[in-house]
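Q: Using only what follows, build the 3D model:
(2 chains, ligands or ions: 2)
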Amino acid sequence: MVHVIRVGLDFFRDLIVCEGYQSNPGFMQRLDARVKLLGVAALVALTVFVQSVVFQVAVLTFCCALTYLSKIPLRRLVSRSLAIVVPAFIIVLPRAFLSAFSPLGFGFHQFPDEWGFLLLFTLRVAAASASLILLTSTTGFSCILSCLRWLRFPKMLLWVMAMTHRYLILLTSELYRLALGRESRVHKDLSVKSVWKEGGRMLGAFFMKSLERGERVQMAALSRSGCSELKFYSPSFKISVGEAAFILPIILLTCLGLVLSI
Amino acid sequence: MMTKPVVKVKDLHYIYQDGTVGLEYACIDAYAGDSVAVVGPNGSGKSTLLFLIDGLLKPSRGEVYVFDELMSERAAKRLRRRIGLLMQNPDDMLFNSTVLEDLEFGPAQLDMPKNEAEAKIRDVAARLNIQGLLNKPPYRLSEGEKQRVALASILVTNPDLLLLDEPTSQVDLNSKKVILRILNELRDAGKTTIFTTHDLSTVPYLANRVYLMTGEKRVAAEGSVRDILRNAKLLQTCGLEPPDITKLFLTLGSREPPLTVEEGVEALTKILTTTKLKGSRSI
Ligand SMILES: Nc1ncnc2c1ncn2[C@@H]1O[C@H](COP(=O)(O)OP(=O)(O)OP(=O)(O)O)[C@@H](O)[C@H]1O
Ligand SMILES: [Mg+2]
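A: Ligands and ions are numbered 1, 2, ... in the order given. You can find the predicted model right below:
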């Protein structure tokens, strides 16, 4: 059980922290964070609005090229995207069958067929998540926050984001340690019933521990003069040729999207 | 002229919310440039005492004065800008996604200019040998590395008063030496340190005064390092023992036992040379 938890947690933490690649000397890492954020936001918006398989494939190809240039293994981008794409695919899969029985087709009748929709939907999720993963893999969380602040996002929203991020990291390591501690002391195979029972007990202990942990962390933040106001250093912003090289393909993609949508 | 203490703890008592007594009684003074050790067995209230001094807990009875000002909820925010607290569990202190972000947290809260903070971080990271860890997430570090990073995270804010809860409990010998050297330099620079430990062998290297706490969560004695660490009987009443080298010399009947291995070597060399001299004369 501890193995499953560890793999799951590692994967999850990797999604929220994206360690290791942010300091690689790659193309995306060198870009001005504001340009990067706006560019990725544009890409995500385009994948949502342009309903063309060709377009989604073009965005995916662009993301793959950026991944290569940013010295991130392509396998990583694929595996992280799949973690989002596969559940999304499973959720919409029944619709393809259901709509066959519905004269209205759940409003999907503008597509050639339901399988076509399924393909488009999956590619769209893949393209959007690949863009976002690319952003988080190459930009530190506090850097993203300072860009959002530069964009005049509400302080309260940023504070909630920062706290959520902080506690997600802490609680995942807490859960992992708890699982490890239990596993090291349980020496027999558990029946299905007792797995449920144990799981419930562990969850209870996890909540209690999280509470205590949260209190300590809050104290640590207070002792370092951290209060309700969010303060962090902004990255140094500078725009050069690299930014243009990043934005140009996005402008071209926008034109392609417009042509395909008309 | 009498200088005023940097920290003055008067008749302090604390009860946790669940009714557990966290600290029965403490009276402590620490002056500028002092390095005060608070030693005692597990559960004697050492960590609680540090939280109370930092104003993170509100005393059930008694008072804490820091920089000559009563520690209250309102004063705490201002006073804490000059205090650095190292918690016993470094995991509690490292809550950002990378080590670098954790090191930047304190200076950012103090509105330290970015380039100044960067220079300070570079300097502290080099001294504590954690430059290679800056881009790693804290939860991927070993416990010793975490402790060094946690210490770095308070040193970067350049505090005047350091409250260190077991600062060398997890680190290896080399890192321990480095930490002791840094803390000694800070003391020489006039900073005040209050640290806790139950490992008495580090005390002579760092402290100039010792407060001894008992299992009943009271401060039982106060004195110079030599007076307290050589008093095996007193230490025993608190469930502690003198450092091994001191214990060895005490057992052999020495009246002025050494406190550190270096002093021990010196004392032994002296004994050996005198015996040798005596021996050669008898021949
Ligand atoms: N959050 C809490 N709630 C209730 N009781 C607590 C809490 N934290 C500590 N205590 C109790 O307060 C007493 C003093 O604890 P404290 O952590 O200060 O001891 P300590 O001297 O630091 O011990 P150690 O050497 O093990 O770190 C202990 O009896 C402990 O059980
Ligand atoms: Mg303690």
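
Q: Please enumerate the strands of the stretch 51-200 of chain B.
A: Ranges of strands in the stretch 51-200 of chain B, per DSSP state E, counting those that start in this stretch, are B:61-66, B:69-70, B:83-86, B:161-165, B:192-197.

Q: Using CSV, lay out the ones you listed together with distance to B:Arg122.
A: Every residue, glycine included, has its C-beta placed from N, CA and C. Below are the strands of the stretch 51-200 of chain B laid out as CSV (distance: least, C-beta to C-beta, whole Å):
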stretch, distance to B:Arg122
strand B:61-66, 30
strand B:69-70, 33
strand B:83-86, 18
strand B:161-165, 21
strand B:192-197, 23
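
Q: Quick one: closest of these to A:Phe89.
A: Among the strands of the stretch 51-200 of chain B, strand B:83-86 comes nearest to A:Phe89, with 48.8 Å by C-beta to C-beta.

Q: Now the helix of greatest length in chain A: buried residues?
A: The longest helix of chain A (DSSP state H) is helix A:192-223. Neighbour counts over helix A:192-223 (16 or more other C-beta atoms under 10 Å in any protein chain shown) mark A:Met202, A:Phe206, A:Ser210, A:Arg213, A:Gly214, A:Arg216, A:Val217, A:Met219, A:Ala220, A:Ala221, A:Leu222, A:Ser223 as buried.

Q: B:Asp165 versus the fifth one, what's the distance?
A: In this structure, A:Gly214 and B:Asp165 are separated by 19 Å, where distance is defined by C-beta to C-beta, to the nearest Å.

Q: picking that back up, any idea how far the longest helix of chain A is from the chain center?
A: Its chain's C-alpha centre and that of helix A:192-223 lie 25 Å apart, by C-alpha atoms, centre = their mean, to the nearest Å.

Q: on contacts alone, who are the packing partners of that helix?
A: helix A:155-183, strand B:83-86, helix B:90-93 (3 or more C-beta pairs under 8 Å, 6 or more residues apart in numbering or on different chains; DSSP states H and E).

Q: Which positions in chain A make contact with chain B?
A: For chain A, the residues in contact with chain B (C-beta under 8 Å from any C-beta of the partner chain) are A:13, A:16-17, A:19-20, A:22-23, A:140-142, A:165-166, A:169-170, A:173, A:213, A:216-217, A:219-227, A:231-234.

Q: Emit the ChimeraX select command for whichever of these are buried.
A: In ChimeraX, this line selects whichever of those come out buried by 16+ other C-beta under 10 Å:
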select /A:13,16,17,19,22,140,141,142,165,166,169,170,173,213,216,217,219,220,221,222,223,224,225,226,232,233
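
Q: Any regions of the stretch 1-150 of chain A where pLDDT drops low?
A: By pLDDT under 70, the low-scoring segments of the stretch 1-150 of chain A are A:1-3, A:15-20, A:98-112.

Q: so where do the helices sit in it?
A: Applying DSSP state H, counting those that start in this stretch to the stretch 1-150 of chain A gives helices spanning A:2-17, A:27-30, A:33-49, A:53-69, A:74-101, A:114-138, A:141-150.

Q: and B:Gly215, what are its phi and psi?
A: phi -60, psi -20 (degrees, to the nearest 10).

Q: tell me the secondary structure for the residue nearest to it when sequence neighbours are not counted?
A: Nearest residue to B:Gly215, sequence neighbours excluded (C-beta to C-beta, 6 or more residues apart in numbering or on different chains): B:Pro41, at 5.4 Å. Following DSSP: H, G, I helix; E, B strand; the rest coil, the label given to B:Pro41 is coil.
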